[in-house]
Every structure is written in structure tokens, then in C-alpha cells.
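*Asks:* sequence unavailable; structure follows:
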């Protein structure tokens with residue numbers, strides 16, 4: 001089954017919620033970038049949350065998320081859009097540590113606790129909307145919870161988890177976002193907070209075979225809730241050989257001649273998907289104006 005997310009409302013419209021199974025696209029990203037376990041968890045959590053944030057957009061809208069802490073993995077960057085397409089990379093993929101005191105992957109140590117999370121949304125206007133907040137924990141989920149409350153003024157609970165196998169493949173990955181809508185009562189807010197605190201780890205639920213609908217059903221047990229949308233989510237990159245050729249052509253004939261004479265061709269690697277594009281001498285000659 002392909003990755004997908006569901007959107008739902010509950011408590012008479014006072015709450016909206018998202019849940020996602022992101023196992024396949026996180027596995028694809030981690031495979032492409034050869035990430036080690038702790039780095040896989042950090043990248044997977046970021047991409048999972050970015051995919052859900054993308055589903056909040058419309059039409060051709062898209063967003064770029066950047067987690068930039070002072071930890072050894074460096075920057076984590078993820079792109080998502082309203083169509084359910086997601087891609088991402090981490091600056092230093094080969095970072096790993098022993099488990100933390102809770103017996104879990106030490107994402108906080110890898111990401112760092114000093115830095116920023118920034119979200120740039122391209123919604124078709126002249127200027128992009130950009131929000132930036134400081135990292136508050138380095139665990140990713142708590143940092144995005146803080147982002148929503150501080151930058152978008154939407155009280156939210158955000159959770160994302162990734163289980164990594166001994167061969168570094170992804171056993172399970174998923175996430176949720178629960179948000180309070182304007183007019184939510186104190187009783188509803190208190191109920192949601194209690195349920196978030198009691199919730200079984202999202203990656204464990206995915207590993208146990210729970211679907212996004214099952215996750216929300218368990219979360220809203222005893223309450224009336226409604227699924228309002230279901231969306232497939234896939235790893236997808238916008239790079240191509242044609243784009244690479246256009247970029248090289250824009251450098252001008254002098255630069256292209258240097259590539260021909262000094263390198264005997266050209267090679268470009270996409271940051272987001274790690275795809276390598278090779279251009280021969282003949283390819284380069286054809287790009288000259």
C-alpha cells in the first residue's frame with residue numbers, strides 16, 4: 001500500500017487533525033542519501049511533518065522547511081506541496097549515536113538545541129510567506145509544535161516517529177498534527193491534550209499495521225469525527241537532465257568551454273534526490289549558444 005494521509009475534523013469542528021503513514025517515502029529518501037539511523041529519524045520526522053503541512057495548502061502552492069541546528073547533522077531541508085509530493089535531504093547523512101536515556105535514537109543530539117526552524121510558503125503571491133522560530137528541543141516534533149503556536153498562532157500538537165531497522169531501512173514512519181480551531185472550548189483543549197499525552201508512539205502504531213484512519217479513530221474514540229480528505233503522498237523530485245542542461249547553458253560559452261577542455265564533460269548531483277546527471281563533451285557543445 002502506498003503512503004497516504006487523512007484529514008479529519010472532530011468536536012463539532014473545534015479540532016482538525018492529520019495522520020500519515022510515511023514509511024515508503026521516508027525509506028526512499030534515506031536510501032537515496034545513505035543515511036545512518038539517527039540521521040534517518042531526523043530526516044524522516046522532518047519530511048513527515050512537511051508532507052502534512054503541504055496538505056494544508058491548495059492548488060500549486062508549495063513550501064520549503066529548513067531545520068538548522070548546531071548538531072553534527074547540519075541542516076535538514078524538505079520540500080512539500082499541495083499535491084502530496086515530498087522530497088528532502090540532510091547535510092551530513094552519516095551521523096549516528098548510541099540510544100538516549102529513553103532507549104530511543106538520540107535525535108536531539110544529532111540536530112542540536114540551538115538554531116532555527118524556518119518555513120517558506122510559495123502560495124502564488126509576489127513574496128513568499130516565511131516564518132522562523134528557534135529550535136526548542138531538537139526532537140523535531142516539539143519544535144514544530146512551537147512553530148505552529150508562535151509563527152502561525154494555531155495551537156497544535158505535532159508528532160512524528162521513525163523506526164529504523166538494523167540495515168538502516170525504515171521499518172515504520174508516520175505522524176500526526178492536531179490543531180485547535182478558533183472557538184475551541186477549554187474542555188475540548190483539555191481533552192485533546194490528555195489524549196496526546198496518552199497516545200502510543202506513532203511509529204509503533206504504524207509498525208503494528210494501523211492505518212492513518214485507525215490512528216485518528218483511536219485518538220477520537222467516543223467522539224464524533226469525520227474524514228474530510230484522503231491524499232496519497234510520494235517521494236518526488238523536480239530535477240531532470242533538461243534542468244541541468246539549462247543551468248549549465250546559463251553559465252555561458254566560456255564556462256562550458258572550460259568544462260570541455262579541463263574536465264572532458266560535466267557532472268551534477270541533485271541535493272534533494274542524489275540523482276547524478278552526466279553530460280558528455282558532445283552534450284556540452286550542443287548547449288553553447
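*Replies:* Structure received. Given the structure is predicted, the values throughout are model-derived calculations rather than measurements.

*Asks:* poorly predicted segments of the protein, please.
*Replies:* Flagging of the chain using pLDDT under 70 yields the residue ranges 1.

*Asks:* domain parsing of it, as residue ranges.
*Replies:* Split into domains by automatic domain parsing, the chain comes to 4-235, 241-287.

*Asks:* okay, now residue 45: neighbour count?
*Replies:* 32 (other Cβ atoms under 10 Å). To be clear about C-beta, it is placed using only N, CA and C from the backbone, and glycine gets the same treatment.

*Asks:* now the helix or strand harbouring it, how far from the centre of its chain.
*Replies:* In the assignment (DSSP states H and E), residue 45 maps to helix 37-54. Centre-to-centre, helix 37-54 and its host chain are 4 Å apart (Cα atoms, centre = their mean, to the nearest Å).

*Asks:* return the most buried member of the domains of the chain.
*Replies:* Counting by mean count of other Cβ atoms under 10 Å, domain 4-235 has the highest mean neighbour count of the domains of the chain, with a mean of 19.

*Asks:* run the chain-centre distance for it.
*Replies:* Between the mean C-alpha location of domain 4-235 and the chain-wide mean there is a distance of 7 Å, by Cα atoms, centre = their mean.

*Asks:* now the terminal residues of it, how far apart.
*Replies:* Counting by Cα to Cα, to the nearest Å, you get 11 Å between the two ends of domain 4-235.

*Asks:* try stretch 260-278
*Replies:* 13 Å.

*Asks:* check stretch 88-103 too.
*Replies:* End-to-end for stretch 88-103, by Cα to Cα: 26 Å.

*Asks:* neighbouring contacts of it?
*Replies:* 29, 33-39, 42-43, 46-47, 50, 71-79, 105-106, 108-110, 271-274 (Cβ atoms under 8 Å, 6 or more residues apart in numbering).

*Asks:* what of stretch 133-145?
*Replies:* 42, 45-46, 49, 67, 69, 71, 107-117, 146-147, 150-151, 156-160, 175.

*Asks:* in strands, which of the residues you listed appear?
*Replies:* 67, 69, 115, 116, 117, 156, 157, 158, 159, 160, 175 (DSSP state E).

*Asks:* which residues touch residue 184?
*Replies:* 11, 14, 15, 155.

*Asks:* I'd like the residues you listed written out as CSV, with secondary structure and distance to residue 196 added.
*Replies:* What follows is these, written out as CSV (DSSP: H, G, I helix; E, B strand; the rest coil; distance: Cβ to Cβ, whole Å):
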residue, secondary structure, distance to residue 196
11, coil, 14
14, coil, 15
15, strand, 11
155, coil, 11
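
*Asks:* ok, now how distant is the one residue sitting closest to the centre of the chain from residue 175?
*Replies:* Nearest to the mean C-alpha position of the chain, by Cα atoms, centre = their mean, lies residue 47 at 1.4 Å. Distance, residue 47 to residue 175, using Cβ to Cβ, to the nearest Å: 9 Å.

*Asks:* what do the two both touch?
*Replies:* Joint contacts of residue 47 and residue 175 (Cβ under 8 Å, 6+ apart) are residue 22.

*Asks:* my read: residue 227 touches residue 6, true?
*Replies:* Yes: counting by Cβ atoms under 8 Å, residue 6 is a contact partner of residue 227 at 5.4 Å.

*Asks:* overlap of the contact sets of these two?
*Replies:* Common neighbours of residue 227 and residue 6 (criterion: Cβ under 8 Å, 6+ apart): 213, 216.

*Asks:* cheers, nothing more for now.
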